[in-house]
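Peer 1: Using only what follows, build the 3D model:
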Amino acid sequence: MSVDQVLKHVDEDLTNSVARLLDLLRIPSISTDPAYKDDCDRAADWLVEDLQSLGMDASKRDTPGHPMVVAHAEGGGTHVMFYGHYDVQPVDPLKLWNSPPFEPALEETDKGPVIRGRGSSDDKGQLMTFVEACRAWKAVNGTLPAKISIFFEGEEESGSPSLVPFMEANKDELTADVALICDTGLFGDSTPAIVTRLRGLLGEELTITGPDKDLHSGMYGGIARNPIRVLSKIIASLHDNTGRIMVPGFYDGVEELPADIAQQWNDLGFDNAQFLGEVGLGVPAGEDGRTGLEMIWSRPTCEVNGIGGGYQGKGFKTVLPAKATGKISFRLVPGQDPLKLRDSFRKFVQDQLPEDCSVEFTGHGASPASEMSTDHPAFEKARAALTDEWPNPAAFVGCGGSIPIAGHFKDILDMDAMLIGFGKDDDQIHSPNEKYDLSSFHKGIRSWVRVLDALSK
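Peer 2: Numbering: from 1, shown residues only. Coordinates of the predicted model:
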């Protein structure tokens, strides 16, 4: 059977595909709240039953937290492992929802029909695009086009405490040729993207102590050391006037973007002014000489996330504080060692401390960046398949945030992951009134049909 017949079946069965997604969305599988433990179990059971209906060897696997769902189906071609998560974010504040978050519905908007409900985009709608693609293949051909494994997690929205131990304990079963992850989005509204670069994260909190108590600024101002002033000077020294980060050794291991990837990014037509204009800004503030996409996808950053110290209540109090606190985060790129940079940052701070001051550090995570090798033939096959489905050519892109599962696939199972998703920036994931465009769901299913076809050859 040709891929066109499978795509035709997807189109004809879309109403049923939406109905199945709505059924899954009705289950309030909020992983972070113990009150919803049974609902997380129920969501896992729903997925097991659905996958078994496709002839897959599917089962629910217990963990100390919420269960995993693992399924396998035999086939030829590349062995792919598909990952998604069935848990969802809490719905608070409930009063900001225009309709009950777990009474999902197809809704007409001025931009077209959307599937409204918690988890519609993150990640139930996305994972069901793949399941529905498998369903269409099975309906038309009686078999699946490739050897497929499926791995659904129930704790992604609550820190994934069971994920790494489960992957380490089941390495042989979970290892495939390549992993597919559907938890990302399109570039704009109609350009498919394969995320191949994810930034890492280093979080540091520093507390500078000067006097042993808060002091009257009239009696002590000028003669006593002010920790806020010390902290401010240190923070100001983190960047030079060109936007470069001044922590010694910070750029060790950072490489320039490959020319072919840089060209793909340039072809995306990213508009700095439009991107920043959506949040009331207009002028890029990163390193001089870098494009906007380089700044958010392939260059490391240092940002101040919070400052505290002194009197912060209503009115005014002339106090010289005993302590000042800063919260600093670094987004890291491939080649950077987060532990080495943590030591360098702390020394950078300590070297600037004046007499009569001390500093205490608290770490808030240190994870390296991830970079997938596009040399694997599956990457170009998938990019070509996505290009066939969408109006614009697919591109290998970066992601400014961190998606730990991609790194775990590489570090634990030694396989690269392709992050292919169909969400949009306005899907309001983690917020009230979350939605998933019907076009994203429909073309997402069609996209996976094409990708599976390409990987089977």
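Peer 1: hang on, Asp411 is in a helix, isn't it?
Peer 2: Yes. Secondary structure of Asp411 (DSSP: H, G, I helix; E, B strand; the rest coil): part of a helix.
Peer 1: any idea how far it is from Met167?
Peer 2: Distance, Asp411 to Met167, using Cβ to Cβ, to the nearest Å: 9 Å. The C-beta positions use only the backbone N, C-alpha and C, and glycine is treated the same way.
Peer 1: So which of the two has more stuff around it?
Peer 2: Met167 (22 against 13; other Cβ atoms under 10 Å).
Peer 1: least trustworthy helix or strand in the chain by mean pLDDT?
Peer 2: Counting by mean pLDDT, DSSP states H and E, the chain has its least confident helix or strand at strand 370-371, which shows a mean of 88.
Peer 1: Off-centre distance for the next helix or strand after that one?
Peer 2: Sequence order places helix 377-389 as the next helix or strand after strand 370-371, per DSSP states H and E. The chain centroid and the centroid of helix 377-389 are separated by 22 Å under Cα atoms, centre = their mean, to the nearest Å.
Peer 1: The least confident helix or strand of the chain pairs with which strands, and in what direction?
Peer 2: strand 193-198 (antiparallel) (DSSP bridges).
Peer 1: Could I get the CA-only coordinates of the partner strand as PDB?
Peer 2: Provided in PDB are the C-alpha atoms of strand 193-198 (Å, rounded to 0.1, in the frame of the first residue of the first chain):
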ATOM      1  CA  ALA A 193      11.200  21.800  13.000                       C
ATOM      2  CA  ILE A 194      13.500  19.100  14.300                       C
ATOM      3  CA  VAL A 195      15.200  20.200  17.500                       C
ATOM      4  CA  THR A 196      18.800  19.000  17.500                       C
ATOM      5  CA  ARG A 197      20.300  21.400  20.200                       C
ATOM      6  CA  LEU A 198      19.100  21.900  23.700                       C
END
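Peer 1: Pull out the buried residues from the helix or strand that comes right after it.
Peer 2: The helix or strand immediately downstream of strand 193-198 is strand 200-209, counting by DSSP H and E. Neighbour-count burial for strand 200-209 flags 200-209 (criterion: 16 or more other Cβ atoms under 10 Å).
Peer 1: Now distance to Arg42 and pLDDT too, for the residues you listed, in a markdown table please.
Peer 2: Output for the buried residues of strand 200-209, formatted as a markdown table (distance: Cβ to Cβ, whole Å; pLDDT from 0 to 100):
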| residue | distance to Arg42 | pLDDT |
| --- | --- | --- |
| Gly200 | 35 | 91 |
| Leu201 | 33 | 92 |
| Leu202 | 38 | 95 |
| Gly203 | 35 | 95 |
| Glu204 | 40 | 97 |
| Glu205 | 39 | 97 |
| Leu206 | 45 | 98 |
| Thr207 | 45 | 98 |
| Ile208 | 50 | 98 |
| Thr209 | 51 | 98 |
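Peer 1: In contact with Leu202, which residues?
Peer 2: With contact taken as Cβ atoms under 8 Å, 6 or more residues apart in numbering, Leu202 is in contact with 329-330, 332, 338, 341-342, 345, 365-367.
Peer 1: actually Asp13, not the one I typed
Peer 2: Contacts of Asp13 (Cβ under 8 Å, 6+ apart): 132, 135-136, 139.
Peer 1: Next: Gly55.
Peer 2: The contact partners of Gly55, by Cβ under 8 Å, 6+ apart, come to 73, 138.
Peer 1: same thing with Gly400?
Peer 2: Each residue near Gly400 by Cβ under 8 Å, 6+ apart is listed here: 199, 296-297, 331.
Peer 1: I'd assumed Phe151 was in contact with Leu127.
Peer 2: No. In this structure, Leu127 is not within contact of Phe151 by Cβ atoms under 8 Å, at 10.3 Å.
Peer 1: With adjacent residues omitted, what lies nearest to Cys357?
Peer 2: Spatial nearest neighbour of Cys357, chain neighbours left out: Gly210 (5.2 Å); criterion: Cβ to Cβ, 6 or more residues apart in numbering.
Peer 1: The one you found contacts Leu353, doesn't it?
Peer 2: No. The criterion here is Cβ under 8 Å, and Gly210 misses it with Leu353 at 10.0 Å.
Peer 1: which residues are common contacts for the two?
Peer 2: Val230.
Peer 1: Pick out the residue nearest the middle of this protein.
Peer 2: For the chain, Ile403 is the residue whose C-alpha lies nearest the centre (Cα atoms, centre = their mean; 4.2 Å).
Peer 1: What residues are bridge-paired with Glu108?
Peer 2: Following DSSP bridges, Glu108 is listed with bridge partners Pro113.
Peer 1: so what's Ile194 bridging to?
Peer 2: Beta bridges link Ile194 to Phe396, Ile420, judged by DSSP bridges.
Peer 1: hang on, it packs against Ile420?
Peer 2: Yes. Between Ile194 and Ile420 there is a contact under Cβ under 8 Å: 5.5 Å.
Peer 1: Next, show the common contact partners of the two.
Peer 2: 382, 386.
Peer 1: Looking only at neighbour counts, state which of the two leads.
Peer 2: The neighbour comparison of Ile194 against Ile420 (other Cβ under 10 Å) goes to Ile420, with 28 against 23.
Peer 1: is it true that the more buried one touches Ala179?
Peer 2: No. Applying Cβ under 8 Å, one finds Ile420 not in contact with Ala179, separated by 10.8 Å.
Peer 1: picking that back up, wait, which of the contacts of Asp13 is closest to Asp123?
Peer 2: In terms of Cβ to Cβ, no member of the contacts of Asp13 lies closer to Asp123 than Glu132, at 14.3 Å.
Peer 1: which stretch of helix or strand covers the closest one?
Peer 2: Glu132 is part of helix 124-141 when elements are defined by DSSP H and E.
Peer 1: Contacts for the next helix-or-strand element following that helix, please.
Peer 2: For helix 124-141, the succeeding helix or strand toward the C-terminus, using DSSP H and E, is strand 147-153. Outside strand 147-153, the residues that touch it by Cβ under 8 Å, 6+ apart are 44, 47, 51, 56, 58, 68-87, 127, 130-131, 134, 160, 163, 173-174, 176, 405, 452.
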